[in-house]
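Colleague: Have a look at this fold, sequence not included:
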C-alpha cells in the first residue's frame, strides 16, 4: 500500500495541475511534501516506536494514512490546493512511520544473516504496488476527468475543474477503506514481540554510553541511501523524456510510459529474486554485484544511442531493485537498542531525494543524456559502500 500510494502521485500531479491551473513550481511542491515529511517525521516516528512498540506503530501509521486519504476527499470537495498539500503531508507522515517501524521490524524479527532477504521480499510487494498504481490512477482519476481525457492545451472551464476535482473522491475512498481494513487486521494479528536483547528500549543510563556515530556502516549508509535515491528518482523522472528523443527510441510520451512499466517491473522481479539469492549469499556481496551491474548499464546509457540506450536504462531498474532494502538492513545491522534511532536516520535520508533537481539542472545545461553521469556516479557510491563501507560492522551482526 505504501508503494501504491506513493506512485499514484505520478497520476495525481498532472490531474491537480489542470484542476488548480498550477505552475510547474506549484506542481513540484506537491511532490516535495513527501520528502519534507520523511525529513520532519522520521525521528518523531522512531521515538513513538520506542514508546508503543512496532505493532502499534504499524497500526498507527496505517490509520494516519487512512485519515489523510479521507482528507483528500475533503480537499476535493472544497476544492482546495492548500488542503490537498496538507493531506498529502499527512499521508506521507503515515508512510514515514510505517517505514520506520516495518523496515527494522522485518530486519530483526529473524536471523540477522537473512535480514536483507526478508526486507527485499517486503520491498518486492512494494514494487507490486508501484506497478498497479498507474493503471488504477489512469482509470479512476484521469479516465474519469475532462482534463485527463482532453488533448494537451485544453483550458478547462470552472465547472469542468470542479467536476474533475470530485473525480478524486472515489479512488481515495477506496484507498482509505483498504488502509482501515489492513490496520484492523494487523492490530488483531499475533505478531511476535521483539525481545529485550534486540531493539527494546533500555535504561537511559545505558543508552548514554551508546552512540550511533560509532557504527560506521550507519554513518556511511546515510549518504549511500541519498545517492541511491538520487539515482532511482532521477531515472524514473526523466525516463519518458529520454526514450522519447529522436536519437534514442523516437516514441510518443504515451508509448514511453508503457516502457516505464517495464522499469518498475524489473524492480519487482529483482526484489523477489534478491530475496531468494540472499538466503544463500551475503547481502553485501549481492549488493556489490547489483551495484556493479547498475554502473555498467548506466555507462551504456551514456555511451550509446537508439534502442540500446533505452533498454540499458530499463535494465537499471532490475539492478536498483535490491538497493534500498539491502542498504537499509546493512546500515542498521548490529545497532541493538539503537535500532529505532538508526532506522529513523535512514528513513530521514529519503528526504535527500529532493536533491534530484540537480540532475534537472545538469540536463538543462549539458543535455539529458549527459545528465545521467550523475546517476553513474551514484552507482559508484553504492558499489564502494558494498565493497568497503558496510563491512566494518560485520562483527556487530553476530
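Modeller: Thanks, I have the structure now. All figures in this text were calculated on a predicted structure; none of them were measured in a lab.
Colleague: Distance of the nearest residue to residue 380 once chain neighbours are set aside relative to residue 221?
Modeller: Excluding its sequence neighbours, the residue lying closest to residue 380 (CB to CB, 6 or more residues apart in numbering) is residue 295, at 6.3 Å. C-beta here means a position set from N, CA and C on the backbone, and glycine is covered the same way. Separation of residue 295 from residue 221 (CB to CB, to the nearest Å): 19 Å.
Colleague: So the two - more neighbours on which side?
Modeller: residue 221 (26 against 20; other CB atoms under 10 Å).
Colleague: Give me the pLDDT for the more buried one.
Modeller: Listed pLDDT for residue 221 reads 96.
Colleague: That one contacts residue 348, doesn't it?
Modeller: No: with contact defined as CB atoms under 8 Å, residue 221 does not reach residue 348; the gap is 11.8 Å.
Colleague: Show me where the stretch 51-200 of the chain has its helices.
Modeller: 54-77, 81-108, 115-137, 146-149, 158-166, 169-188 (DSSP state H, counting those that start in this stretch).
Colleague: what's the most buried one of the ones you listed?
Modeller: Mean neighbour count (mean count of other CB atoms under 10 Å) peaks for helix 81-108 among the helices of the stretch 51-200 of the chain, with a mean of 23.
Colleague: Please compute how far it lies from its chain's middle.
Modeller: Centroid separation for helix 81-108 versus its chain: 11 Å, with CA atoms, centre = their mean, to the nearest Å.
Colleague: same for that helix, what does it pack against?
Modeller: helix 2-20, helix 24-52, helix 54-77, helix 115-137, helix 323-332, helix 339-348 (3 or more CB pairs under 8 Å, 6 or more residues apart in numbering; DSSP states H and E).
Colleague: Give me the nearest residue to residue 305, chain neighbours excluded.
Modeller: Residue 305's closest residue in space is residue 247 (CB to CB, 6+ apart), at 5.0 Å.
Colleague: ok, how many other residues are close to the one you found?
Modeller: By other CB under 10 Å, neighbour count at residue 247 equals 9.
Colleague: domains of the protein?
Modeller: 1-192, 209-388 (the TED database).
Colleague: Show the contacting residues for residue 140.
Modeller: Contacts for residue 140 (CB atoms under 8 Å, 6 or more residues apart in numbering) come out as 167, 170-171, 174.
Colleague: Looking at those residues, which one is closest to residue 159?
Modeller: Set against residue 159, the nearest of those by CB to CB is residue 167 (13.5 Å).
Colleague: count of residues packed around the closest one?
Modeller: 20.
Colleague: try residue 211
Modeller: Applying other CB under 10 Å, we find 9 residues neighbouring residue 211.
Colleague: what's the distance between residue 292 and residue 337?
Modeller: Separation of residue 292 from residue 337 (CB to CB) stands at 35 Å.
Colleague: On the three-state scheme, the residue nearest to residue 305 is what?
Modeller: Counting by DSSP: H, G, I helix; E, B strand; the rest coil, the backbone at residue 247 sits in coil.
Colleague: repeat for residue 287
Modeller: helix.
Colleague: Quick one: residues contacting it.
Modeller: By CB under 8 Å, 6+ apart, the contact list for residue 287 reads 322-323, 326-327, 330, 382, 385-386, 390.
Colleague: Residue 232: which of those residues is nearest?
Modeller: residue 323 (7.7 Å).
Colleague: how far away is the closest one from residue 170?
Modeller: Residue 323 is 35 Å from residue 170, by CB to CB.
Colleague: Next: residue 365.
Modeller: As judged by CB to CB, residue 365 and residue 170 stand 43 Å apart.
Colleague: And the pLDDT for residue 98?
Modeller: If you check residue 98, the pLDDT there is 90.
Colleague: What distance do you get for residue 271 to residue 294?
Modeller: 14 Å.
Colleague: now swap in residue 91 and tell me
Modeller: Going from residue 91 to residue 294 by CB to CB gives 30 Å.
Colleague: Contacts only, for residue 35.
Modeller: By CB under 8 Å, 6+ apart, the contact list for residue 35 reads 350-354.
Colleague: What average pLDDT does stretch 346-353 get?
Modeller: On average, stretch 346-353 scores 84.
Colleague: Could you tell me the end-to-end distance of it?
Modeller: From its first residue to its last, stretch 346-353 covers 12 Å (CA to CA, to the nearest Å).
Colleague: distance between that stretch and the chain's centre?
Modeller: A distance of 10 Å separates the centroid of the chain from that of stretch 346-353, by CA atoms, centre = their mean.
Colleague: again with stretch 53-67
Modeller: 18 Å.
Colleague: 129 is where my numbering starts, stick with that
Modeller: Okay, using 129 as the starting number, the last item reads as stretch 181-195.
Colleague: And the helices in the stretch 329-478 of the chain, which stretches?
Modeller: 332-336, 344-371, 381-405, 411-431, 434-448, 451-460, 467-476.
Colleague: of all the ones you listed, which lies closest to residue 204?
Modeller: Of the helices of the stretch 329-478 of the chain, the one closest to residue 204 (CB to CB) turns out to be helix 381-405, at 24.5 Å.
Colleague: list the contacts for the closest residue to residue 294 other than its chain neighbours?
Modeller: Leaving aside its chain neighbours, residue 294 sits nearest to residue 204 (5.8 Å; criterion: CB to CB, 6+ apart). Each residue near residue 204 by CB under 8 Å, 6+ apart is listed here: 212, 293-297, 300.
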